[in-house]
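Engineer: Quick one: sequence plus predicted model below, questions after.
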Amino acid sequence: MRCIAVQYRKTIRRPAVKATLIFDEDDKNPILLDSNFDEDWGDCLYLQPILHHGIHKKHKVEIIVEDTDTKDKTPFYLMSLIVA
């Protein structure tokens, strides 16, 4: 795999749950997946590039949902992991 992206929902229904992505066990450089959308016209599916034209090898993607108590929050919605 040389290209990797994560597709998830960003929502106007705040607060929304966030997640952290750890790529290739590099926990010193986490990628925040913030599902709070700054616009007011509606939700969207957001494409977050993780790797673009990287080294062709096996990679590890770990997604950690930050807030497990979603009683008053919109849940994190992971749509897809896209690889090429």
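Structural biologist: That came in fine, so what should we check first?

Engineer: Give me the contact list for the helix or strand containing Tyr8.
Structural biologist: Using DSSP states H and E, Tyr8 falls within strand 4-10. Strand 4-10 is contacted from outside by 16, 19, 21, 23, 33-37, 43-51, 54, 59, 61, 63, 76-84, using CB atoms under 8 Å, 6 or more residues apart in numbering. (C-beta placed from N, C-alpha, C; glycine too.)

Engineer: quick one: contacts for the residue most central in space within the chain?
Structural biologist: Central residue of the chain (CA atoms, centre = their mean): Leu33, 3.8 Å from the mean position. Applying CB under 8 Å, 6+ apart, we find Leu33 in contact with Val6, Tyr8, Lys18, Ala19, Thr20, Leu21, Gln48, Ile63, Phe76.

Engineer: For it, report the pLDDT, please.
Structural biologist: On the pLDDT scale, Leu33 is placed at 97.

Engineer: in the sheet, who's paired with it?
Structural biologist: Ala19 (DSSP bridges).

Engineer: I'd like the distance between it and His56.
Structural biologist: Distance of Leu33 to His56, computed by CB to CB, to the nearest Å: 25 Å.

Engineer: Return the residues in contact with Glu66.
Structural biologist: So Glu66 contacts Val17, Lys18, Ala19, Thr20 (CB under 8 Å, 6+ apart).

Engineer: quick one: which of those residues is nearest to Asp67?
Structural biologist: Val17 (4.5 Å; CB to CB).

Engineer: and Cys44, how many neighbours?
Structural biologist: 13 (other CB atoms under 10 Å).

Engineer: The one 3 residues further on now?
Structural biologist: Burial measure for Leu47: 12 neighbouring residues, criterion other CB under 10 Å.

Engineer: what helix or strand does it sit in?
Structural biologist: Per DSSP H and E: strand 44-51 holds Leu47.

Engineer: Any idea how far that strand is from the middle of the chain?
Structural biologist: Relative to its chain's centre, strand 44-51 lies at 7 Å (CA atoms, centre = their mean, to the nearest Å).
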